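[1] model the structure of this input:
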Amino acid sequence: MPVGAVADRPQLMGNVESGAWQPLPTGIGELDRVLGGGLVAGSVTLVGGEPGIGKSTLLLQVLASLGASGARCLLVTAEESKQQVHLRAGRLVPHMPNVWLVSGTELPQISAHIESIAPTHVVVDSVQTILDPEIASAPGSVTQVRECAYQLVRLSKQRAMATMLVGHVTKDGGLAGPRVLEHVVDTVLSFDGDRHHSLRLLRATKHRFGPTGELGIFEMTGQGLQGVPDAGGLFLSDRRSGVPGSAVVPTLEGHRPLLVEVQALVVQTGAPMPRRSAQGLDSGRLALLLAVLQQRSGMDTSKADVYALAAGGVKVAEPGADLALCLALKSSAVDRPLPDDLVACGEVGLGGEVRQVGQMERRLAEAARLGFRRALVPASAPPAPPGITAVPVATVEAAVAAAGLRGKAMRGTQPMPTTIAQCPPGEISG
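    I've put the predicted structure just below:
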């Protein structure tokens with residue numbers, strides 16, 4: 001194009017047609033939830049996750065579903081042979097109509113296959129192993145990844161095909177390769193979970209065609225990844241009642257409320273440097289809450305090892321879990337269980353105050369649906385929905401008192417409260 005030539009003309013915003021950019025369902029319900037309806041023609045989606053977490057399995061099932069609906073699909077396997085992929089497909093989805101498979105790493109060959117097959121959907125596994133022979137650098141280098149990604153994006157836009165790229169991750173869990181890789185694609189999906197648990201979580205960290213707050217939940221089974229549309233009781237299925245150090249928090253992932261068990265263990269130690277361990281929780285947040293409990297509630301853990309985790313392999317990052325974690329820590333320290341029908345939700349500040357979190361009604365409604373009858377909430381929280389009683393507390397100290405956790409450990413010398421209603425009347429006020 002000559003210098004100064006106009007590639008596009010200005011157009012009134014109201015006259016722009018966007019019908020071609022509507023999402024088309026993939027047939028995988030949890031993936032469509034995260035994508036806001038499905039894949040958009042001409043879009044490029046980058047899927048990142050740790051090795052062995054199930055990225056290739058997920059995309060294989062996506063192609064099988066799309067192919068069964070009549071879409072023309074191409075799977076480019078650059079890390080495995082066609083025989084390996086075929087064996088995996090035979091175990092998961094024996095019938096894969098309209099799905100072509102090719103093994104290759106050179107970009108010109110991949111482009112030629114796309115031209116000959118004319119697919120509507122393409123999966124490249126993985127983008128770090130693709131190379132352009134005209135670039136004098138090794139596969140996976142910054143230059144190769146950047147240029148190959150640019151070429152694949154350009155090809156996707158020209159042919160209006162939806163492309164999904166598999167990306168490697170670093171030790172810190174971030175996408176490997178140049179940062180421009182995330183900028184050039186339309187959507188970035190994070191597929192994670194604990195390899196020792198069957199649970200897998202799918203999130204969108206970037207999405208040009210919809211919101212990024214939704215969460216997709218899958219369970220790894222012998223037949224592949226199965227969607228979990230109603231995960232209400234999934235994280236609480238193995239919870240034991242009457243155990244000190246356990247609290248339940250109604251978290252929110254996008255528009256999806258999830259009840260998660262937060263566990264804590266406080267153990268006296270003679271080590272000069274007590275341990276602080278957090279799994280599925282922010283270790284910095286744990287240290288902060290321990291300091292607040294020591295200053296505002298008199299719980300000294302300077303000579304104790306402290307362990308905290310979010311049970312079930314889930315990661316809880318939102319501050320709404322602060323209050324539940326504080327109660328779990330205090331419960332373990334005094335060796336008293338929290339009431340079984342109690343949930344706690346609220347952010348805790350450095351002054352020990354309990355602060356409001358978003359969409360409290362939605363959280364408590366999910367707790368009520370799963371059988372919980374009481375909730376410790378910030379004093380500024382709105383009225384609770386039917387089926388659950390809100391106990392407003394203004395400070396961590398008030399929450400500890402309302403839960404019956406004041407004082408030192410009373411190991412079997414007197415019966416412990418099992419519900420907030422059994423606590424002395426003076427301990428219920430916030």
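
[2] please enumerate the strands of the stretch 251-400 of the chain.
    Listed in chain order, the strands of the stretch 251-400 of the chain (DSSP state E, counting those that start in this stretch) span 256-268, 276-279, 304-310, 342-344, 347-348, 354-355, 374-378, 389-393.

[3] any chance of these in CSV, with mean neighbour count and mean pLDDT too?
    The C-beta positions use only the backbone N, C-alpha and C, and glycine is treated the same way. CSV is the format used below for those (neighbours: other CB atoms under 10 Å; pLDDT from 0 to 100):
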stretch, mean neighbour count, mean pLDDT
strand 256-268, 20, 95
strand 276-279, 15, 96
strand 304-310, 20, 97
strand 342-344, 26, 97
strand 347-348, 22, 98
strand 354-355, 24, 97
strand 374-378, 26, 97
strand 389-393, 20, 96
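
[4] for residue 136, which of these is the nearest?
    Nearest to residue 136, of all those, is strand 276-279, at 44.4 Å by CB to CB.

[5] note down every partner strand of that closest one and its orientation.
    strand 304-310 (parallel) (DSSP bridges).

[6] can you tell me what sits against the partner strand?
    With contacts defined as CB atoms under 8 Å, 6 or more residues apart in numbering, strand 304-310 is touched by 260-269, 271, 274-281, 286, 290, 316, 321, 325, 328-329, 333.

[7] mind redoing it with 10 Å?
    Outside strand 304-310, the residues that touch it by CB atoms under 10 Å, 6 or more residues apart in numbering are 235, 245, 249, 251, 260-269, 271, 273-283, 285-287, 289-290, 316-317, 321, 324-325, 328-329, 332-333.

[8] about what we covered before: using JSON lines, lay out the strands of the stretch 251-400 of the chain together with distance to residue 120.
    Shown next, in JSON lines, are the strands of the stretch 251-400 of the chain (distance: least, CB to CB, whole Å):
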{"stretch": "strand 256-268", "distance to residue 120": "30"}
{"stretch": "strand 276-279", "distance to residue 120": "42"}
{"stretch": "strand 304-310", "distance to residue 120": "40"}
{"stretch": "strand 342-344", "distance to residue 120": "46"}
{"stretch": "strand 347-348", "distance to residue 120": "46"}
{"stretch": "strand 354-355", "distance to residue 120": "49"}
{"stretch": "strand 374-378", "distance to residue 120": "48"}
{"stretch": "strand 389-393", "distance to residue 120": "51"}
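
[9] and of those strands, who's closest to residue 99?
    strand 256-268 (30.8 Å).

[10] what's the closest one packed up against?
    Applying 3 or more CB pairs under 10 Å, 6 or more residues apart in numbering; DSSP states H and E, we find strand 256-268 packed against strand 215-221, strand 246-253, strand 276-279, helix 283-297, strand 304-310, helix 322-334, helix 360-369.

[11] re earlier: closest to residue 71 out of the strands of the stretch 251-400 of the chain?
    With distances scored as CB to CB, the stretch of the strands of the stretch 251-400 of the chain nearest to residue 71 is strand 256-268 (27.9 Å).

[12] ok, that closest one: who's next to it in the sheet?
    Going by DSSP bridges, the partners of strand 256-268 are strand 246-253 (antiparallel), strand 304-310 (antiparallel).

[13] the inter-axis angle of the shortest one versus helix 283-297?
    Using axes from the mean of the first three to the mean of the last three CA atoms, to 10 degrees, the interaxial angle of strand 304-310 with respect to helix 283-297 works out to 120 degrees.

[14] what about strand 304-310, distance to the chain center?
    Per CA atoms, centre = their mean, to the nearest Å, the displacement of strand 304-310 from the mean C-alpha position of its chain is 22 Å.

[15] shaky segments in the stretch 51-200 of the chain?
    For the stretch 51-200 of the chain, applying pLDDT under 70 flags the ranges 172-173.

[16] all the helices of it, residue numbers only.
    Shown for the stretch 51-200 of the chain, the helices assigned by DSSP state H, counting those that start in this stretch span residues 55-68, 82-92, 107-117, 142-159, 180-184.

[17] surely residue 188 and residue 203 touch.
    Yes: using CB atoms under 10 Å, residue 188 makes contact with residue 203 at a distance of 9.4 Å.

[18] tell me, what's touching these two both at once?
    By CB under 10 Å, 6+ apart, the residues touching both residue 188 and residue 203 are residue 212.

[19] so those two - more neighbours on which side?
    Taking neighbours as other CB atoms under 10 Å, residue 188 and residue 203 compare with residue 188 leading, 23 against 18.

[20] for that one, give its distance to residue 26.
    From residue 188 over to residue 26 the distance is 17 Å, taken as CB to CB, to the nearest Å.

[21] and residue 271, backbone torsions?
    With angles defined as degrees, to the nearest 10, residue 271 sits at phi -70, psi 140.

[22] so it sits against residue 302, correct?
    No: counting by CB under 10 Å, residue 302 is not a contact partner of residue 271; they are 11.3 Å apart.

[23] on that earlier part again, most tightly surrounded among the helices and strands packed on strand 256-268?
    helix 322-334 (a mean of 26; mean count of other CB atoms under 10 Å).

[24] can you give me the angle that one makes with helix 283-297?
    Using the same axes, to 10 degrees: helix 322-334 against helix 283-297 is 70 degrees.

[25] next, the angle from helix 322-334 to strand 389-393.
    Using the same axes, to 10 degrees: helix 322-334 against strand 389-393 is 80 degrees.

[26] only alpha carbons, please: show helix 322-334 as CSV.
    Coordinates of each C-alpha in helix 322-334 appear next as CSV, following Å, rounded to 0.1, in the frame of the first residue of the first chain:
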residue,chain,number,x,y,z
ASP,A,322,-10.3,-12.3,55.9
LEU,A,323,-12.9,-12.7,58.6
ALA,A,324,-13.2,-16.4,58.1
LEU,A,325,-9.5,-16.9,58.2
CYS,A,326,-9.2,-14.9,61.4
LEU,A,327,-11.9,-17.1,63.0
ALA,A,328,-10.2,-20.3,61.8
LEU,A,329,-6.9,-19.1,63.3
LYS,A,330,-8.5,-18.2,66.6
SER,A,331,-10.5,-21.4,66.6
SER,A,332,-7.4,-23.5,66.3
ALA,A,333,-5.5,-21.4,68.8
VAL,A,334,-8.1,-21.9,71.5
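
[27] alright, that wraps it up for me.
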